[in-house]
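1. Here is the input, now give the coordinates:
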Amino acid sequence: MAGYRRILLKISGEVLAGYDSLGIDADRVRSLAEEITGVARTGVQIGLVVGGGNFFRGVAAAAKNMDRVTADHMGMLATVINSLALQDALEKAGMPTRVMTAIQMQQVAEPYIRRRAIRHLEKGRIVVFAAGTSNPYFSTDTAATLRALEIHAEVVAKATRVDGVYDKDPLRFPDAVMYQEISYLDVLAKSLGVMDASAVAMCRDNRLPILVFNLNKAGNIMRMSMGEAVGTLIH
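-> Numbering: from 1, shown residues only. Predicted structure coming up:
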């Protein structure tokens, strides 16, 4: 198929930590930014949502005894830290980038305004959507789906550590079988856990395809954006 014109790329916070489990690995962030910049220079408009697990996992034990809303707000702030790190790396790679936050913090980043976000994309800037939806109880998967729908992205591209969607965890079961394509209903019915059920259901209800692919294989973002058969297509 032909490539995509506008994508929403969802990246986990742990990716930014590289081989460490916590924090930010500057080399990993730089190489990721260079890869994303290469895609953007082909004319693909890119919105980004990054998780906060590389910071928040470090306080997860303490968060178990916290109020859920407080813990979720801490997780949102972790995504802002990661978004700023990505913005810095992308701009060092020569790509104009804007961070837009669902929680207002105007000294740090722009507030999220849908029409302004679309205008940034039309002008060739990468937009990083931070702080989730600003609401507790909603994951960054759901935030990525919501932003993708709002900016009229053609796909939610979820970058993972494995090649696609499997019938069971391929990191634990060597006989796991990967799907090339699968329906939203099968993902939900089989509890495959590749994304939050609420995010998958939202994509299903709005006919927004999800592409799950391996971020650790160099060039996969480019291949995915050009429409090559990479990973698993959920539709």
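
2. Tell me if Asp169 really is in a strand.
-> No - assignment of Asp169 by DSSP: H, G, I helix; E, B strand; the rest coil gives coil, placing it outside any strand.

3. could you pull out the strands for the chain?
-> Counting by DSSP state E, the chain has strands at residues 6-11, 45-50, 97-101, 110-111, 126-130, 155-160, 165-166, 178-179, 181-182, 210-214, 232-234.

4. Just send the ones you listed back as CSV, with distance to Ala17, mean pLDDT and mean neighbour count too.
-> All C-beta spots, glycine's among them, are computed from the backbone N, C-alpha and C. Written out in CSV, the entries for these read as follows (distance: least, Cβ to Cβ, whole Å; pLDDT from 0 to 100; neighbours: other Cβ atoms under 10 Å):
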stretch, distance to Ala17, mean pLDDT, mean neighbour count
strand 6-11, 12, 98, 25
strand 45-50, 12, 98, 26
strand 97-101, 19, 98, 23
strand 110-111, 26, 98, 15
strand 126-130, 17, 98, 28
strand 155-160, 14, 96, 24
strand 165-166, 23, 96, 24
strand 178-179, 25, 96, 18
strand 181-182, 29, 97, 17
strand 210-214, 17, 96, 24
strand 232-234, 24, 97, 23
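
5. can you put the ones you listed in a markdown table and add distance to Met195?
-> Written out in a markdown table, the entries for the strands of the chain read as follows (distance: least, Cβ to Cβ, whole Å):
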| stretch | distance to Met195 |
| --- | --- |
| strand 6-11 | 8 |
| strand 45-50 | 12 |
| strand 97-101 | 22 |
| strand 110-111 | 26 |
| strand 126-130 | 16 |
| strand 155-160 | 6 |
| strand 165-166 | 9 |
| strand 178-179 | 14 |
| strand 181-182 | 12 |
| strand 210-214 | 7 |
| strand 232-234 | 8 |
